[in-house]
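> Return a 3D structure for these sequence lines:
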Amino acid sequence: MATKIKVTPEIQKLQETVALAHRILFMTGLTTASGHASARIPGTDQFVIKPWPHKHMNRHTADEMIVVDIDGNRLTGPDTITVVSEWYIHAELYRARPDVNGVVHTHQKWATMMGIAGKTILPVLHPSLAAGQARPIPVYDEDYALIHNATQGRLIAEKLGDAVGVHLRTHGMVFAGPNVETAIMDAIQTEFQAEVNWLAMQIGDPATIPMLFMRPAMERRGPGNIPDAWDNFYKWADEHPESTRYRVVHV
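Residues are numbered from 1 along each chain as shown. Predicted structure coming up:
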């Protein structure tokens, strides 16, 4: 059994961020109860993630988040807590990619639909929002099962390459970023681009934004760069849920 670790202020801050990440996934309609986000503890092979069993994401709080290492050992919390079954997704991405500090798995509708149909999600609307789709999102289709072993996790890491995410065909999406905040925003913006792609395809052929216009947003990505929308909208909206009622106008 792995030795338990002390929850430091740094870990507490990550627990708050990961709990908020889950609530934002619920707020934006990318998950209900299934799915999970995690954040690597900087300079380690340990990460903060939610425990099993699943519950509605908007109910998650920082004190529930646990620390796990890349071998699946739970390092914090009481012995009765269980790690989510698909922890291999997170562990193998962190193992393969030292530059990845945040991982998100969702069951979002529009992006998943595009993967099922074998259609590329093109960068079509607003360069800074579309930059995550500057490189095509690959598809993991080696099997159609839940990700319950290290081999599956390694294959997902291989498929990811230098893209922001990967389709788990018939299952959902995985996103990996320099921090969990960026991975969450990639999931949100990918969903938006996927929906716009599909709508545009009903009346014509979507036109791709040239790389030149997306490059500034791509170059801003990094572990110390938290997307503006995280603080300016989503973190605020988490504290004011009445502000997120459905709107037909996207800002």
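> residue boundaries of the helices in this protein?
When secondary structure is read from DSSP state H, the chain shows helices at 9-27, 87-96, 109-116, 127-130, 150-160, 180-201, 211-219, 228-229, 236-239.
> now those in JSON lines, with mean pLDDT?
Compiled in JSON lines, these are given as follows (pLDDT from 0 to 100):
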{"stretch": "helix 9-27", "mean pLDDT": "96"}
{"stretch": "helix 87-96", "mean pLDDT": "97"}
{"stretch": "helix 109-116", "mean pLDDT": "95"}
{"stretch": "helix 127-130", "mean pLDDT": "94"}
{"stretch": "helix 150-160", "mean pLDDT": "96"}
{"stretch": "helix 180-201", "mean pLDDT": "97"}
{"stretch": "helix 211-219", "mean pLDDT": "95"}
{"stretch": "helix 228-229", "mean pLDDT": "92"}
{"stretch": "helix 236-239", "mean pLDDT": "90"}
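> Indicate which one of those helices is closest to Pro42.
With C-beta to C-beta, the closest approach to Pro42 among the helices of the chain belongs to helix 9-27: 7.7 Å. Backbone N, C-alpha and C define where each C-beta goes, glycine included.
> And the closest one, what does it pack against?
Counting contacts by 3 or more C-beta pairs under 8 Å, 6 or more residues apart in numbering; DSSP states H and E, helix 9-27 is packed against strand 36-40, strand 46-49, strand 102-106, helix 180-201, helix 236-239.
> re the thing from before, so for His167, which of the helices of the chain sits nearest?
Taking C-beta to C-beta as the criterion, helix 109-116 is the member of the helices of the chain that comes nearest to His167, at 3.2 Å.
> list the buried ones in the closest one?
Judged by neighbour count (16 or more other C-beta atoms under 10 Å), helix 109-116 contains these buried residues: Trp110, Ala111, Thr112, Met114, Gly115.
> for those, which one is nearest Ile11?
The shortest gap between Ile11 and any of these belongs to Ala111, at 30.9 Å (C-beta to C-beta).
> any idea how far the closest one is from Thr120?
Ala111 sits at a distance of 11 Å from Thr120 (criterion: C-beta to C-beta, to the nearest Å).
> what do those two both touch?
Residues touching both Ala111 and Thr120 (C-beta atoms under 8 Å, 6 or more residues apart in numbering) are Ile137.
> got a markdown table for the helices of the chain, with distance to Thr3 too?
Listed next are the helices of the chain as a markdown table, based on distance: least, C-beta to C-beta, whole Å:
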| stretch | distance to Thr3 |
| --- | --- |
| helix 9-27 | 15 |
| helix 87-96 | 18 |
| helix 109-116 | 39 |
| helix 127-130 | 44 |
| helix 150-160 | 22 |
| helix 180-201 | 25 |
| helix 211-219 | 40 |
| helix 228-229 | 39 |
| helix 236-239 | 34 |
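> Nothing else from me, thank you.
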